[in-house]
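>>> dropping a prediction and its sequence here:
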Amino acid sequence: MGVAAASPHVLVIGSGGREHALVHRLSQSALAPRLRSYPGNPGIHQLAPLLATPDDSARTIAATARSEDIDLVVIGPDAYLAAGVVDACTEAGIAAFGPTRGAARIETSKAWAKDIMQRSGVPTAPHHTFTDTTALRDYLYAGTGTVVVKADGLAAGKGVLVSDDRPACFSFGEEYLRQGSGVLVEEHLTGPEVSLFAFVCDAAVLPLACARDYKRAHDWDEGPNTGGMGAISPPDLPPEFLERTTEEIIRPVALEMVRSGSPFRGVLYAGLMLTEAGPKVLEFNARFGDPETQVILPLLCSDLLPLLTDVARGDLSEAHIELSTSYACGVTIASAGYPGTRATPRTCTLGLVPPGSVLYHAGTALGEDEQLQAVGGRVFTAVGQGDSLPEARKRAYELAAQVDFEGAWYRTDIGAK
Ligand code: AMP
Ligand code: GLY
């Protein structure tokens, strides 16, 4: 099922580089959609003007979308999925791309996700779940060696500790227990990481692409974890990896979610570790990745809008995906202090965007004088595309060098060997 209406009216929710990439690709659709955004950013607003809402509750967003005759709502961030925006849109009779709040538990509850993985036989690290401090202490102090301690719920990328320091593991877990979250302790896996994305519509799955995300702040994977300092696609993997891993990991999980009464519709993102025993799931996300989306969507030859609409309306039977054979490299341009302290707003100057590259906005805003300001931690993603990874990387860095604001910095090794 495609989008029947001419010039469909589409609302994209979110304000990061991921949503700018979504809006950018949607703006190129042959269906010539009218695009709106909420809350968006200055880059997004150039293509998708703001749809103002009285507040940002799921109900209000759905009611506003309805009164503005929106045909499709596309949700970027997990917080809006967890808040039930898809459920509210469905109740209001609006097609929404993304899982319901119940199905988003595959991301919002690591314990629920582990349960689904166990029941579907999908490889993941063995784990124990704790809700009690004494049991957590007894378990951690009974052993030695590296373990991984995780908060059960959403923790904005901060809910994981990998350590062999058992007292540190205990106090990390204890803090989450105190906040009322469950805590998982799991086996430490080793190997390269890869992000796999597939569209899922109940029992139907359609592989999209793989990417590599660079999570640590500094070159050569040093420093603290961040929301993502860059990404490349495709990573160096055997040609059949995407299809095979979608069959072995995404499909059984999609089927188990249908069986458990929480069918998934949207994009399912598996964070995988390629261990010696094969790929194992570190986590699932119920949405597009950021910054992976900024490097995957440039490689998509198919029209994005019918794909998202088909998933939202519940029929993948006509959908197909064609990917370019080229490469994309995305470099996050961050503010001083990221991922720690919040930076003071700084005026940005942007140079020319050379051919084969695109600059996506994330933490930007317009100042009182309409000047572009860097206001967030991750401010832009500079994306280069090319026939080889080195070419894509060269273009991304040429573009990144054109962006200027006080304190701007980026990793220099994204896409390097
Ligand atoms: P998660 O939020 O579960 O994806 O975890 C964040 C990061 O922690 C991952 O990208 C991995 O680098 C690391 N991690 C998570 N689980 C494990 C594990 N079982 N073994 C080793 N590293 C892990
Ligand atoms: N790239 C990590 C994330 O989107 O969660």
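That came in fine, so what should we check first? Numbering: from 1, shown residues only. Ligands and ions are numbered 1, 2, ... in the order given.
>>> OK, contacts around the residue of the stretch 301-417 of the chain at minimum distance from ligand 2?
Nearest residue of the stretch 301-417 of the chain to ligand 2: Thr332, at 10.3 Å (C-beta to the nearest ligand atom). Every C-beta, even on glycine, is put in place using the N, C-alpha and C of the backbone. Thr332 makes contacts with Gly17, Thr226, Gly228, Met229, Gly230, Pro291, Ala362, Arg378, Phe380, Thr381, Tyr410, Arg411, as judged by C-beta atoms under 8 Å, 6 or more residues apart in numbering.
>>> what kind of secondary structure is it in?
strand (DSSP: H, G, I helix; E, B strand; the rest coil).
>>> now it: closest residue in space, sequence neighbours ignored.
Distances taken as C-beta to C-beta, 6 or more residues apart in numbering put Met229 closest to Thr332, at 4.7 Å, once the chain neighbours are dropped.
>>> what about Ala254, which SS state?
helix.
>>> now it: how far from ligand 2?
In this view, Ala254 and ligand 2 are 20 Å apart by C-beta to the nearest ligand atom, to the nearest Å.
>>> excluding chain neighbours, what is closest to that residue?
Val200 (4.8 Å).
>>> strands of the stretch 1-150 of the chain, residue ranges please.
9-14, 34-39, 72-75, 95-97, 127-130, 147-151 (DSSP state E, counting those that start in this stretch).
>>> reformat these as TSV; add mean neighbour count and distance to ligand 1.
Conversion of the strands of the stretch 1-150 of the chain to TSV gives the following (neighbours: other C-beta atoms under 10 Å; distance: least, C-beta to the nearest ligand atom, whole Å):
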stretch	mean neighbour count	distance to ligand 1
strand 9-14	25	19
strand 34-39	21	25
strand 72-75	27	20
strand 95-97	27	23
strand 127-130	18	8
strand 147-151	23	4
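>>> format these as CSV; extra columns: mean pLDDT.
Output for the strands of the stretch 1-150 of the chain, formatted as CSV (pLDDT from 0 to 100):
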stretch, mean pLDDT
strand 9-14, 98
strand 34-39, 98
strand 72-75, 98
strand 95-97, 98
strand 127-130, 93
strand 147-151, 93
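>>> most centrally placed residue in this protein?
Residue closest to the average C-alpha location in the chain (C-alpha atoms, centre = their mean): Gly289, at 1.8 Å.
>>> wait, that one sits on Arg212?
No - when contacts are counted by C-beta atoms under 8 Å, Gly289 is not listed as touching Arg212 (10.5 Å).
>>> between the two, which contacts overlap?
With C-beta under 8 Å, 6+ apart, Gly289 and Arg212 have common neighbours Ser195, Ala231.
>>> how many neighbours does the nearest residue to Ile75 once chain neighbours are set aside have?
Excluding the flanking residues, the one nearest Ile75 by C-beta to C-beta, 6+ apart is Gly98, at 3.9 Å. Number of residues near Gly98 (other C-beta atoms under 10 Å) recorded here: 29.
>>> how close does Gly98 get to Glu174?
Computed as C-beta to C-beta, to the nearest Å, the Gly98 to Glu174 distance reads 34 Å.
>>> repeat that for Leu237.
39 Å.
>>> cool, and Asp236?
Taking C-beta to C-beta, one finds Asp236 at 40 Å from Glu174.
>>> look at those two and report which has more neighbours.
Glu174 (17 against 12).
>>> ligand 1 contacts on the stretch 251-400 of the chain?
Selection of the stretch 251-400 of the chain residues close to ligand 1 by C-beta under 6 Å from any ligand atom yields Gly271, Leu282, Glu283.
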